[in-house]
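> Fold the following.
(one chain, ligands or ions: 1)
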Amino acid sequence: FILPTGPQPAVKLNRQQGLVSMGLNAELTKTYPRDFKNIPVGTSYGKGEDSTLNKEIEQQTLEFLEGQLSSVLKKAVEIKKKPLFTTALIAGDCVLLDGIAKAGLLDKIEIVFIDTFFLFPETLDFLREVEEHYGFKAKVYHCADCPTQESFYDKYGADYWMEDIDQYDFKCKVEPLQRALKESGTDAWINGRRRDHGAERASLPVWEGDKVNPIAFWTFEDCWNYLRKHNVPYHPLHDVGFSSLGDMQSTAKVPLEKWMTYAGERSGRFQGLTNKDGSAKTECGIHTK
Ligand SMILES: Nc1ncnc2c1ncn2[C@@H]1O[C@H](COP(=O)(O)OS(=O)(=O)O)[C@@H](OP(=O)(O)O)[C@H]1O
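I've put the predicted structure just below:
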């Protein structure tokens, strides 16, 4: 595993000017001047000719995947009645959002975001940032009987998730998402699940009934190669060591050398949480219930 040193060829990123001119939020950029140098690279390119050839292969792979992403998204819009994209704003979701924008489909795919009331504040800032950058407005859902985080804390307590993780997941994630899907009447739930997330997702197809997983076959490294190549805005907390992001209380940083390993991306998620049968939690149920 190699940490990139020096400027990355595909990215001419002028940290301040470059990011602001991308349309990113200038204030957030001052606090989090995102820099792809903080993101690990998983490939051992080798030296000399090997290195050149391996980088060529990597570019070809990415070009193929990009083309496939665009055609899957276009196909979804063509053959489905109500495509809907849920975004948790993590790296794969940034690929999808950029792909949707590049395919000119932002006005044809509804974008949904769930505020669990336990997200990192940076996640909410980042939502506003990408909305401004791409020019869309996400439909935000949250716990049905609490209009604000404050009212949730008053009613259930800030430690509710510790007391009953299943009820917490249901109230704050599963039910709001089910409501979003029901209200929209979607027949094509576009999301960023991938095979290399591991566990339940290892054999994921792209077309899965009323779910569409356009980047199912991408690796985490493919996602970062895409984000680098197109200088795509990504969640500011990736730069400080979080490979994936969910709720504050259950998301931990992941050592850089683990990011690109199989299932490594999500290894910092659901930290310390177990299912009722005692097994380690790998899903909140948003996709499995
Ligand atoms: N906050 C929020 N808002 C909108 N949509 C969300 C949210 N959290 C999860 N998801 C959607 O659920 C997909 C699975 O994510 P996770 O398994 O990581 O969810 S969870 O962490 O278990 O809650 C996830 O897949 P990705 O697209 O890969 O992020 C999303 O489609």
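> Which residue, other than its chain neighbours, is closest to residue 85?
residue 190 (4.2 Å; CB to CB, 6 or more residues apart in numbering). In this view, the C-beta of every residue, glycine as well, is placed from N, C-alpha and C.
> Please name the bridge partners of that neighbour.
residue 85, residue 212 (DSSP bridges).
> From the ligand, how far off is it?
To the ligand, residue 190 is 8 Å away according to CB to the nearest ligand atom, to the nearest Å.
> contacting residues for that residue?
Neighbouring residues of residue 190 by CB atoms under 8 Å, 6 or more residues apart in numbering: 73, 76, 83-86, 96, 109, 211-214.
> and if you look at residue 239?
32, 34-35, 38-39.
> Phi, psi for the residue nearest the centre of the chain please.
Residue closest to the mean C-alpha point of the chain, counted by CA atoms, centre = their mean, is residue 90 at 2.4 Å. Per-residue torsions, residue 90: phi -90, psi 180 (degrees, to the nearest 10).
> What of residue 257?
For residue 257, the backbone dihedrals are phi -70, psi -10 (criterion: degrees, to the nearest 10).
> what does residue 141 give?
Dihedral angles (degrees, to the nearest 10) for residue 141: phi -120, psi 150.
> contacting residues around the closest residue to it other than its chain neighbours?
Leaving aside its sequence neighbours, residue 141 sits nearest to residue 176 (CB to CB, 6+ apart; 3.9 Å). Contacts for residue 176 (CB under 8 Å, 6+ apart) come out as 114, 141-144.
> before we move on, back to that, and the contacts of residue 190, which is closest to residue 165?
Set against residue 165, the nearest of these by CB to CB is residue 86 (20.9 Å).
> Excluding chain neighbours, give the residue nearest to that closest one in space.
Of all residues not flanking residue 86 in the chain, residue 112 sits nearest, at 4.8 Å (CB to CB, 6+ apart).
> ok so, going back, using JSON lines, please lay out the contacts of residue 190 together with neighbour count and distance to residue 222.
Listed next are those as JSON lines, based on neighbours: other CB atoms under 10 Å; distance: CB to CB, whole Å:
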{"residue": "73", "neighbour count": "24", "distance to residue 222": "16"}
{"residue": "76", "neighbour count": "25", "distance to residue 222": "20"}
{"residue": "83", "neighbour count": "22", "distance to residue 222": "22"}
{"residue": "84", "neighbour count": "24", "distance to residue 222": "24"}
{"residue": "85", "neighbour count": "27", "distance to residue 222": "19"}
{"residue": "86", "neighbour count": "24", "distance to residue 222": "21"}
{"residue": "96", "neighbour count": "24", "distance to residue 222": "13"}
{"residue": "109", "neighbour count": "22", "distance to residue 222": "21"}
{"residue": "211", "neighbour count": "18", "distance to residue 222": "20"}
{"residue": "212", "neighbour count": "24", "distance to residue 222": "18"}
{"residue": "213", "neighbour count": "24", "distance to residue 222": "14"}
{"residue": "214", "neighbour count": "28", "distance to residue 222": "12"}
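> Tabulate those residues (CSV), appending distance to the ligand.
Shown next, in CSV, are those (distance: CB to the nearest ligand atom, whole Å):
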residue, distance to the ligand
73, 14
76, 14
83, 13
84, 10
85, 8
86, 3
96, 7
109, 13
211, 9
212, 11
213, 9
214, 10
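> and which of those is nearest to residue 102?
Using CB to CB, the contacts of residue 190 come closest to residue 102 at residue 73, 9.1 Å.
> for that closest one, phi and psi?
phi -60, psi -40.
> what does residue 162 give?
Dihedral angles for residue 162 - degrees, to the nearest 10 - are phi -80, psi -30.
> what about it, neighbour count?
12 (other CB atoms under 10 Å).
> do you know how far it is from residue 173?
Residue 162 sits 16 Å away from residue 173, taking CB to CB, to the nearest Å as the criterion.
> Can you list phi and psi of the residue nearest to residue 86 for me?
Torsion angles, degrees, to the nearest 10, at residue 112: phi -120, psi 140.
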